[in-house]
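In: With the sequence up front, the predicted model follows.
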Amino acid sequence: MEIRYFQIIIPLLVAIAIGKQIRDTLKGKAGLYESIIISVFWTGVAGVAIFPDFFSDLIAKVFGIKNSTNAIIFFAIGLLFYFQLQIYKMLRKQDQLLTEISRKEALKNVEKK
């Protein structure tokens, strides 16, 4: 197996990211659950970087795509859409909460007058 530069650089960057996350958790800036999820994600990124052929072939086999490069592209696009949907849901929830708070404050102001 030939070692490529990204197979060394990405795991080092992942170690830095996980270290930063642990530091944030210890300082109280991030919750434990959040830190575990983020650490698992970054560990997965490092795994894909270290064994790219294994993961691309696995994804191609699971989804029935003959070319492993296409499988990775489709998988990445799917992940991007999933994350975009999650962000959209969070924004909608924040918008609803803001609307609810604004209505309560408006009713308080009307009652005072």
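Out: Thanks, I have the structure now. Numbering: from 1, shown residues only.

In: Which helix or which strand is home to Trp42?
Out: helix 32-50 (DSSP states H and E).

In: what packs against that helix?
Out: Applying 3 or more Cβ pairs under 8 Å, 6 or more residues apart in numbering; DSSP states H and E, we find helix 32-50 packed against helix 6-27. Every C-beta, even on glycine, is put in place using the N, C-alpha and C of the backbone.

In: got the buried residues for the helix it packs on?
Out: For helix 6-27, the neighbour count (16 or more other Cβ atoms under 10 Å) marks 10-11, 14, 17-18, 21, 25 as buried.

In: starting at the chain centroid, how far to the helix holding Trp42?
Out: 9 Å (Cα atoms, centre = their mean, to the nearest Å).

In: Go through the following helix or strand past that helix and flag the buried ones.
Out: Using DSSP H and E, the helix or strand that follows helix 32-50 in sequence is helix 52-63. The neighbour-count check on helix 52-63 (16+ other Cβ under 10 Å) flags 52, 55-56, 59-60 as buried.

In: So which residues make contact with helix 52-63?
Out: The contact list for helix 52-63 (Cβ atoms under 8 Å, 6 or more residues apart in numbering) reads 7, 47-48, 65-72, 74-75.

In: show me the biggest helix of the protein in terms of residues.
Out: For the chain, the longest helix by residue count, based on DSSP state H, is helix 68-112.

In: picking that back up, average pLDDT for the helix holding Trp42?
Out: The average pLDDT for helix 32-50 rounds to 91.
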